[in-house]
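Participant: I need the structure of the sequence given here:
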Amino acid sequence: SSPSCIFFQMDTTQESYLDLFPLDAIVYLTPDSENVLEDIDPKKVYVLGGLVDESIHKKLTLQKARDQSLQTARLPIREYMVKTINTKNYHSETLAINQVFDVLSTYYKTRSWPAALKAGVSSGKGYVLPNAMN
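Facilitator: Got it, this is the predicted structure:
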């Protein structure tokens, strides 16, 4: 069997997503959301909330989404993964944009959150799949 390929069309624009899509179609992804992303809805537009900054500003992307009256969601990291013991006692659900994209594209292909999270969440984040603990 041949491997399945998925192609993503990318466009760049200076226009805001708020001007391009209806507000009720936009879901702003932020690790601070109380809503867990359970599935990808093809009728929705997912905005990957990101900052070009080395420091983490807690709840900044969540506040931006709230200011724009947008739905929010977070990846189901704590639902499918467990904290691992590490020397720095470091655990973070904040991912780089490319990692979030890897999670979403793998989930889209496999419909498996464990497979998707394994593809995008590095062990350096302090989370692993439960079966990786053995």
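Participant: only C-alpha atoms for contact and neighbour calcs from this point on.
Facilitator: Noted.
Participant: isn't residue 43 right next to residue 24, touching?
Facilitator: No: at 10.2 Å, residue 43 does not count as touching residue 24 under the criterion of C-alpha atoms under 8 Å.
Participant: Look at those two and report which has more neighbours.
Facilitator: Between residue 43 and residue 24, counted using other C-alpha atoms under 10 Å, the more crowded position is residue 24 (11 against 8).
Participant: pLDDT wise, what is the more buried one at?
Facilitator: According to the prediction, residue 24 has pLDDT 96.
Participant: how about stretch 124-134: buried residues?
Facilitator: Neighbour counts over stretch 124-134 (16 or more other C-alpha atoms under 10 Å) mark 125-129 as buried.
Participant: pLDDT on it, on average?
Facilitator: On average, stretch 124-134 scores 82.
Participant: beta partners of the nearest residue to residue 35 once chain neighbours are set aside?
Facilitator: Nearest residue to residue 35, sequence neighbours excluded (C-alpha to C-alpha, 6 or more residues apart in numbering): residue 73, at 4.7 Å. The partner list for residue 73 in beta bridges (DSSP bridges) reads residue 29.
Participant: ok, residue 73 to residue 105 distance?
Facilitator: Relative to residue 105, residue 73 is positioned 16 Å away (C-alpha to C-alpha, to the nearest Å).
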